Structure formats: C-alpha cells, structure tokens
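structure here, sequence nowhere to be found:
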C-alpha cells in the first residue's frame, strides 16, 4: 500500500469521511468541487489543498455593472425567405434569450453583415437597418424569393458551464453567473484584484486550480428544448470575439476579421472542418493574448507561494497546452478529466508542464452521462469505475501521468463500500505503474506513427471533445486504440510536412476522416506538392494508412488523391457506369505474416458506400458483401493500407496493431505482444517487469512472447498482473 | 378471341409450330430474330413479315477492306505514376484487344492528349511521343511521382452486341462482325447499296426492322474477366467519334471537341451525370447526322413499298426518338423491348411515330437475365411472363401501344404449354385494353406531374437503361411507379424552365437523384434564378417532391438549394457540431386527408445518412431511428415533400400516389382508386368500363370508389377484371 499522488474531493460536513477516505486512498491532496466547500478542519489538516476558481465568472457584481464588457460572439440569424421587396428578420428568433442578447452598445453597421444566401452576396449597408424596438433587421430592395440572414454581435448573459449546471440541476432562482471578457482593460484589472484578494483570503490553499482560463468552447443554445444544442464544439474560438479584440486584430494585421469569417454561412469554424488560414490567424492572435494574461494571473498566484494548475476543459479556449507558447504561462500542473485512453495520453504526453494529473470517472454525482444512476440506487459505480479504468490503464502503461484524482460530492460514495475498495486498488495500481515508468520506458517499437491532419501537433491526441460525444470520428477512435499500443506517436500538419517534409523517424502515416474534414484535410489536397511529398515518402518505404475518406479531394479522375497508392477509391455517385474491379478476398496470411486471419475476422468496421478497388494488385482482406473494408496495396518500397472506417474496440485494436506493423515494416511485431486481443501487456525493460492487463469483464487466458520465450497468464476480470522476469 | 397486333418470332424448321402458335396467339406478323431464319413456307404465308437488319455490321467483307472506316472512340489509358523523369504508358493495357486497337491511321499528335492527372494540366506535345512498335506513349520531362494518362483514338474491331452474343453463347471461331462508321461517305454509299440489294432480295418482307441505326451505346470491355465491364452506358455518345466527325464538328462550330471532352478524366459522359453544354452540342450534332442518313435509308425502304420500323435499343445512339428531329426520319414504327412499365410508357407516349410496338419478356431463350433457366428444365416461363406482364399491364392501362410481340427461338416454347396458353390470354387482354383506349382516355387527374432533370423531354420516361441494371437510380424507380398511376406526366429540363418558366398545367414537380447527377441537376443549381423560379412556383401553390439529394449544390450554408422549402437538408459531414431539430413523428392523417398512416407504414424507403429537419414546422411522417424518410413542409401556398430515396414496390407506389395528390392538391384523389395497394384500376369513361388488376401472385380483395359508390372485387393472382359500370 503506497501513498500520495492522489487528489481527493473533500466536502464540508463530512469531515470524518473525508479523512477516512483520504487515508484509505492514500491521498496527499484535498480539493473542493463545483458546489462543495472545504471546512476549516479539512483546510487545516496536513493535506495539500487544491482550490478551484474560475476567474471570468467570479465577480458577478462587477459583471452586472459592466454588461458591455461581457463575453460576446457573432451569431447568424435563422434564414428568412423574401416574399416581396422587404424582409424583416427577428435576430434572436430560436436562440435562447437567457444566454444571448443583441449587442446594441456598438455600431451594428460596423460589425454586422447581412447576406443574400441565395446569391451568396452581402447586402449593402444602405439596404438594411436595425430596429432596437423590434430587435429586427429590415432589408429593403430585397430580391423576391431569396433567402436572407443577418450576422450580428451577441452579448452572452449566462456563463455556459454554470448555465448547464443550473438548468440540469434545477437550481431555480439562483443568480445567473455572467462571463466577463478580459480583452477589456477594466476586466483584467478587476480579475487581478479579485485574484489577489482571493489568494490573500485562502492561506490554506497550496494549489490554485484554474477552471480553466477565459473563454469557453462554443456552445449555442436554442429557445426550444427540441433544439437546445444549436452549436457545440469543444475546440472552437467563437466565444473569443469582442469589438475590442476585433480592433486589436485589425491593428496587428492590417486587415479585418469580418462577422462572416466566424459565422461562415452558419457552419462557424468547427474543429472537425478544415480550418481557413484567416481563422488560424485569429486563433493564434487570441492564444497569444490568453497566454499573456494567464501569465499575469499565474505570476500573482506564485507570488503567494501557491502553485497554479490548469484544468484542461471548459474555458480552455486560447490556452492550447500543445502550443509552445503555452509554456510561457508558467503553470505548474495540468489536469485533464478522462473517460478514455487518448485523453490520458493527451495529458501524459504534454511536453510543457511538470505535473500532469487526470481526474478519473465516474464523477461523484448521482447520475452519469446519459442520466443513468451512478451514485444512486440502481447504480454500480464500481463497475463504472472498472470500465473507465481499463481505458485509462492501458494508456498509462504507455505513458504515465503524475497524479490521479476524483471530483464531485464525496458523501455519495458512502453507500458503495465496494467502490471505495476499488479506488484503493486503482490508486495502488496507478502508483505501481508510475514507479515502473520511473525506472525506464516500456518496450516500444522503433519508429513513430505520424498522424497527419490540418491541425497537427496543436490537436495532439484529441480531435474535439470526448469520444462519446462524436463516436463517428474515425480519428478519435484510432487514437483511443493507439493510446494503449507500443508505438510512439507524432502529430503532423499538412503545413508541417510541406515545409519540413516527413520526419525520418516516422514509419507510418495515418490520414483518417471524412472528406473536407480537418482530419482528412479538405482543400489542402488540391496541392500537387502534398501528393508528391507523400508519394515520395511511400516510394521510399514509408507506410500509409488511409481511413474512411483519406486524402479526399475531387479532381474528377479520382476522389482520394492517393487512391492510386491506396488501391481504393470512392464512387461518390458519378461513376455509376464505370466498371469496378471484381476482386476476390485475399487471406491475411499472405501479407508478410504481420496480419492474422483471426484479427481480420474478429474486427468490425463501418460500412462505407461506393468504395472500389483499382486493379488486380490490390489485396482486399475484408469486405462486407462487396463493400471493401480493409485493403492493402504497395507502391515501390512502400505499403499502403485502406480501412473503410474505424471504431474503437479491442478486436479492432488488435487488427490495427497488425496493420500498423505491416505498413510500417516494424521489426519483431510479436515481441511483448499479448496473444489474446482482450488482454494487453507492457514490458518495462529496466525493471525487467512485465505488466499484463485484462481489458474485459471476463476471465482471460493469454500468452506473451518475451525475449526468453512464451509466458502464459490467467487473468481475472479487469485484472492487472505484474510479473518480474 | 381477337386477332392481330401481335408479332410472332418464326423459326425455319419449325413451320408447323410457327403456324399453330401464330393462330393461337392471333399473330398478324411473323419476324426473324438474331440467330433465326424464316423459311419460304413462312415467308410465303399470308402473315406480314418483319425482317431484322443491322446496317453497320451487315457487310463484313466491306468492313475488312475498310478498317480505317470502322467505328472509333476515345479511350483513356489507365494511369501510370511516374517514378522518374520518363514515363511509359502502354495504351491498351487492361483493355480487351479483341474489341479495341489503336488508331494509327491518323496523326496522334492532332487528336490525342496526355494529362498530368496530379496537376490536371495537359502535357505539351513536345514532351511525349507514340511508338507504334510498343504501342505505348513515352513522356519526357515528367514530374516525379505524378500520375499520367493518355487519351487516344481507338478503332473498334468487334461490334459490341454481336461480341456479347458471340462470347456469351460461345460461338467459337465464328467470324467477328465489325461496325463501320457512316460518317465516311464510302460507308454510306455501301450501306445504301447493300440496303437496296437487300430490299430487292427480300420481296416477302413487309416491314424492315432496323436494329437500331448506326451507333451503339458505350460499352468498353476489359481484358481481364474480373473487369470485363469497364464502362457501360445505354445513353452515351462515346461511340460516335471519328476524325471525320470531329472535323465536321469543328467546321460547323468553329471550335474543337477535344479528346478530353469525351474522356472527362475517365468519367466519360455518363448519362447519369449532369452533362456539359459542349457534350450536348456534340449530341445534337450527331443526332442531326443520324437523322439525315436514317432518312435516306428509310426513304429507300419506302421506295420498295415496305415499312420501316426502328428498334429502340442497342445501336440507338443518335436516333433520339423523343427529339422533334426524329420525326423527320419517317419511321413507320418504333419497337421497344420492355421489362417494365416505364419502358412501356416510353414507347406508348412517343409523339412522333404512328405504330408503337413492345417486345415482351421473357425472351424465348434458354436462360434469363442472370443466367437462371427460363425455357429450360427448371424454368417457369409462365410465371416469368406473368411477372413482366403485371409491370407492363398497369402502364398499358394508362397509355396504350399498338402492338405486342415476342422474340427469340420459338421452338423453345414447345415443352411449356402453360406458357403458350398464357400468351394467348395476354394477347387478348392487350387487345381489349387497346380497344378501350380506342373509345376514349381513362380517367386521369387534372394537372400534370413535371419531372425536372438536366435532360428534360429528351430522356422522357427513362434515365439510362433498364431498371435491373441500375436499381439504385431513384428516378427510374419513380417512373416505374408513375407509369401505372392516373397522372399525365411531362419532362422538363432546367433549361426549359429557365427560358419558358414552369408550364401552367404542372401541379407538382419531382426532382430526384443524387447530388451532381443529371437527375438532381448538379452545377445548374448554382444559378439563383433557378431557385427563384421554383420558389415562386411553390409560393403560388405548386407542389414539389424532392427525393434523395434534390436540388443539391453546396453553398456552404445549405446543401439542398431548396432545403428551406423542403424543410430537410443533408449534413455531408461538415455540420457535426451544428444542432439538428429533434422532431417527433407526425401522424399522416394530419396532412389534409391525402395521406394514410397505413401507406406510410407499409412503405420501405432507402436510408439516407445525414438528413436533418430545419425547424419545428416540418412534419416528419416516417423515419428510421432518427433518419428522416418522409417529411412535409409548406411555403406560402405550396406544399413540399421530401423522401430519403425511392425504390419501386407496390407499397411505395401507394404512398407515392398519396404524396403526389397531397403536394399537387389534386381534387378527388380517391376517385377511381383501388383501396388495396396490391391492386390498381383504370376507368374508361367513354366506354363506362372499369378495369381492375391484381399486381400480385396472391388472391386480392379490393374496393374501388366510383362516381356512383363503392364496388368490391375479388381477384385471382395476376387477374384482370373488366366490368361495365
């Protein structure tokens, strides 16, 4: 039984429980949570104290007196079709007016834009006017039967995370918290003053846990509960707009960000879509501002001898922990809430921070993600915790973090002693794994996997948000699989490889996603030089794995730009009369011994309509009734793999592992690999320790190839076996 | 038992059978078929005689002596990726060399083009050369890693229909027939001479049945049986190319058709894809030539006192029976082989011809479409005939043809007396239906359905080819349903409605198909005026039914150009973070009484991913687990219907009928409608006769609303009941 590296959520009124579990779980730190307080008894204990603060919604009195300095964003009105030469558009129609109000403080004619969406042209300012009484824009000399929209600046009246908690938990007439925008000097001044006061009045706090910094991810709500979630993107910068920021951008760059640069025909700038250069410029501009002011806040915290940690969620926009600029802020720790392995790697791989902590699930809350009971009658939080832990554990075996913790209402765990025992077990397992890493890296194949996207390293180990929110994103699923596999991973952007080429240590590149997405690449594939770079890389022996609609860009003669290398292309409907090669299935065994028929058979990949094979040399390993699912092709010295799509599962992970070793020509692919796909292992060479894990709820038997022969293991459900070799 | 209007395929050696069945089936005409001859006994009988001729493959000796005047076409070589600065491309690689040879008779540098498909640029002539010894093009100064193709002119060595019959029936060393191109004056001269001789030597022939005229639909074969069908399009003009035609086009228009205008990056000009203006110009140019020379041939036939009929299949390219120019040829009859109702209407609706004949299925052949036995042990040709007849019969009730007939080897029917009896029954049913039409039109709803496509009336009642060849084309399926419904139909092109507006008698417009297809429209939807025209039409009370990806053209803010009127749009993957309205299902009953819940429930529509509903006013009648299938929306006075896709079935036909009456606001939609969706009826007002048909293999009960109340019917499988009211 080890101690430390564990953050416990304490709760006033439950001091004895807090102390008992802190002891049981080996906690060294006690934290508060949204909705809980720590009592003096706890604060004055010997434990470190994390205190959660959210600077932008902390001083609601100030916010109420500075409504013109609340956070803002551009909204597009819902479209209205003209039935005459005049059109009236109610701007906030269908928007949740407890969240949004029209910004009437600044000149609408300066910031707003009106569009004829039937022609795509902007309507001249002379042809529209805003009426503050009716909150509507009227367009004159409209074209009959055309569709019009207005981009306008909205002030947000309710900080979204507290709005969500308020409405979900039915907090009634509890005051709505508002978010102020630190782009305004008065706001920055007030925040620093508030933070200074706060530090003074919280002497027991050892770590200030920022939740997160200034700007929330984009989250637009609708008035009608049937369309509550009008827009939600964990990585979007829509909420960073204000007149003062727009002016500063113009001053810096000499050109303007227009409302349409944000609104983008109602698509906004979703992280999943390939970003424009202009939007990237805005992101960078905002990031530098956030870094600068975050540093002021962190310096202030440090001046009180406290540490500053940042929570990597909620208002994390502009923080960008994978940008080199991020290091300048000086945070001491990064805390990520994790459901999955890729999030664990997201935290653990960060190169700019000293202390990395993950907050495990389940959150100590009566209900879970979909309203199902967790810490409530009918719940089984131990089972929930086990299921999350198997996701996290396999990633921790590849790359450790420094600390783990929980969040929520501690008193809820009392009726679940099996949960409390299990957390004790997990905490110990975590400390053991951390210790093994301390002695030296686990055995990892030589040569990296390169993940090629529009975002590159800025979105290392994550697409946008949690896996359960967008289970259809192939790359998130791939990252989840890879998070527990014995490969090093690097994240490359198209711009990176255009400028610097493909790094020499990259053995296989993955491009995965649907057409026009940031993950597949979109218009960037118009560039023949990108095609050249990758073709040369493959010709020289590089591996390439394309998933779903990789390299997609319609040139007429092909849809996937690298179809001739992948051996597979997609008929989007314009090849109905063009013949397709009538392939036979090739047994996996023929592929250099890397791929097993059992793995091919066990895998379940999404069907992708319209795929076709280019010629007789392409080897189709798996299909669904004529619809290709896995195909191999070679070009010169290189090996290419096509997959119709990817969803995380243990069976698919096993196949992916094999396809990676095939495409990347990795040596000794079976060394320190567990033979049963429901189990995995990691071998820590320095400490000569083999860790074998059972990722399922059933007993499992497996064999592991070691340098000295095969070892057999019998594992209980979810078990971790640690064996000194 | 009536007589006449029936064409029987006679067969030499089976004279008694021929005469017996001619009597039994009430034939007035005896024909030959491909592979059969008529004996003198038959020729000298009192029956009319159809003789089948195919002018372009009739004189193989001439063809062999004029190999430079064989038919030609442009081919694109398969792409080759450059691995250095020189690329060699074997032009005929993967093509069936019994079908194609390279045309070395004309200057390659004049007609061929070489493309860098990685950049899309043409390679200058100075950088490539053709070597007749290796049959390959070599490109110098190539860009390394780029993909190159060559467009070249190929001569076709084997007329495709006889090639297909030869290979399918294993005709061994029987001489390959070649197709000559009448663009060459010598060829025209020889054809006319041959035809003149033929007429002289066939005094018994009363009708010359052309099969068809000069150019076959496009059909490229591959060398490998695994890719035998490299390209096949029933409506394509690819096989009309020759140097002499290209020169004539240039002379007429002052600009050239290039190889790439035909090759189109390897997509060629598939009828299913939205056509370019230049390709339409070529079609028109070719059509006028075909009309002109066909007229010479027909005049010659007429000079011998014979009639000239044309078979509307095989080498029909350029004939275009729905073009007004077609009338100039002077054909006396049009013969269409029919599997389905829409083909029956295609024949019956033709406005330019006197005698319309359909050739029924099954063809008198040992095996059917997919190799299954028909007139062979294990076959059930009576059942086959019944199944085809129910398709045809419902269309004949709406619009008659003048004659029916069969084709193939007559002796094969001998072991199937039930088939012979059934044909007798069908022939009588046909004559009765024809007679009813003779007295006056069946009851039809007032106001037309307009089918809006790129092709308009030129492709009336057909997309391209048979339903079983492309069962995924929504519009073919819709036409099959509509072919037996009591509506008049008009075919409109986008150009038609841009110039002339929407005809006043059109009550509902259908736009159906996938994005970029000729059926949905493709780029034409970029034009805001088209949007205006349709919006105005709908606002004024017009109905609009959009199916699959109607009006699709991505403008960023929407994917369907009329999404705001249809109430439905499609997320192609770029709206992952944009909320979708969370609709409830609306009972069909609320839609003005036109639509029944039973029909909605019984229908089965294809799933279409990414569809979403625009707002709360849209009524979703049917979905599949959150994926919209049928939705209604209104705009001003107009009604719009969206369907996720369409496949022909009796159940779907019933729903379609109701959606048409809803969208088109048809009066008395239930009058003369059969209550059981497996049955249909037609009421001939002048003759006060109600015809009720059972379209299934089971007994069926139904009720029909007449002007004087409801009538009940009990129908046997496939039965036709004719009742005087």
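Arrived safely, thanks for sending. Note that the structure is predicted; figures quoted are calculated from it, not measured.

stretch A:602-612 vs chain B: in contact?
No - using Cβ under 8 Å from any Cβ of the partner chain, we find that stretch A:602-612 stays clear of chain B, coming within 8.8 Å at best. Every C-beta, even on glycine, is put in place using the N, C-alpha and C of the backbone.

mind listing what's buried in that stretch?
Across stretch A:602-612, burial judged by 16 or more other Cβ atoms under 10 Å in any protein chain shown covers A:603, A:605, A:606, A:608, A:610, A:611, A:612.

and if you look at stretch A:23-41?
Buried positions in stretch A:23-41, judged by neighbour count with 16+ other Cβ under 10 Å: A:25, A:26, A:27, A:28, A:29, A:30, A:31, A:32, A:33, A:36, A:38.

again, but for stretch A:645-652
Buried residues in stretch A:645-652, counted by 16+ other Cβ under 10 Å: A:645, A:646, A:647, A:648, A:649, A:650, A:652.

restricted to helices, list those residues.
Those of those mapping onto helices are A:650, A:652, per DSSP state H.

specify which member of the buried residues of stretch A:645-652 is nearest to chain B.
Among the buried residues of stretch A:645-652, residue A:645 lies closest to chain B (Cβ to the nearest Cβ), at 12.1 Å.

now that closest one: closest residue in space, sequence neighbours ignored.
Counting by Cβ to Cβ, 6 or more residues apart in numbering or on different chains, residue A:606 is the residue found nearest to residue A:645 once chain neighbours are left out, at 3.5 Å.

how near is the one you found to residue B:514?
Separation of residue A:606 from residue B:514 (Cβ to Cβ, to the nearest Å): 20 Å.

now tabulate the buried residues of stretch A:602-612 in a markdown table and tack on pLDDT and secondary structure.
Formatted as a markdown table, the buried residues of stretch A:602-612 follow (pLDDT from 0 to 100; DSSP: H, G, I helix; E, B strand; the rest coil):
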| residue | pLDDT | secondary structure |
| --- | --- | --- |
| A:603 | 98 | coil |
| A:605 | 98 | coil |
| A:606 | 97 | coil |
| A:608 | 96 | coil |
| A:610 | 96 | coil |
| A:611 | 98 | strand |
| A:612 | 98 | strand |
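
kindly indicate which of these lies nearest residue A:591.
residue A:603 (14.3 Å; Cβ to Cβ).

for chain B, what's its nearest residue on the stretch 301-450 of chain A.
residue A:317 (13.9 Å).

quick one: that residue and residue A:217 touch, right?
Yes - using Cβ atoms under 8 Å, residue A:317 makes contact with residue A:217 at a distance of 5.8 Å.

pLDDT weak spots in chain A?
Where chain A drops to pLDDT under 70, the residues are A:1.

at 90 what do you get?
Scanning chain A for pLDDT under 90 picks out A:1-2, A:33-37, A:41, A:165, A:168-170, A:314, A:368-371, A:589-593, A:708.

scan it for its longest helix.
Ranked by residue count, the top helix of chain A under DSSP H comes out as helix A:277-303.

just the strands in the stretch 101-250 of chain A please.
All strands of the stretch 101-250 of chain A, identified by DSSP state E, counting those that start in this stretch, fall at A:113-116, A:121-123, A:128-131, A:136-139, A:147-156, A:207-211, A:218-221, A:229-233.

out of those, which gets nearest to chain B?
Here strand A:229-233 is closest among those (Cβ to the nearest Cβ), at 4.0 Å.

which residues sit against that closest one?
Contacting residues not belonging to strand A:229-233 are listed as A:94-95, A:217-222, A:238, A:268, A:270-272, A:464-465, B:577-579 [Cβ atoms under 8 Å, 6 or more residues apart in numbering or on different chains].

going through these, which ones are buried?
A:95, A:217-222, A:238, A:268, A:270-272, A:464-465, B:577-579.

tell me where the stretch 301-450 of chain A has strands.
Taking DSSP E, counting those that start in this stretch as the test, the strands found in the stretch 301-450 of chain A are A:307-311, A:333-337, A:355-359, A:403-405, A:448-453.

could those strands go into JSON lines alongside mean neighbour count and distance to chain B?
Supplementary listing: the strands of the stretch 301-450 of chain A in JSON lines, determined by neighbours: other Cβ atoms under 10 Å in any protein chain shown; distance: least, Cβ to the nearest Cβ, whole Å:
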{"stretch": "strand A:307-311", "mean neighbour count": "23", "distance to chain B": "22"}
{"stretch": "strand A:333-337", "mean neighbour count": "24", "distance to chain B": "20"}
{"stretch": "strand A:355-359", "mean neighbour count": "23", "distance to chain B": "24"}
{"stretch": "strand A:403-405", "mean neighbour count": "23", "distance to chain B": "29"}
{"stretch": "strand A:448-453", "mean neighbour count": "25", "distance to chain B": "15"}
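
residue B:585: which of those strands is closest?
Across these, closest to residue B:585 is strand A:333-337 (Cβ to Cβ), at 36.9 Å.

and for residue A:353, the neighbour number?
Using other Cβ atoms under 10 Å in any protein chain shown, residue A:353 has 20 other residues around it.

surely it touches residue A:321?
Yes - using Cβ under 8 Å, residue A:353 is in contact with residue A:321, at 7.0 Å.

list residues touching both of these two?
What both residue A:353 and residue A:321 touch, as defined by Cβ under 8 Å, 6+ apart, is the set residue A:334.
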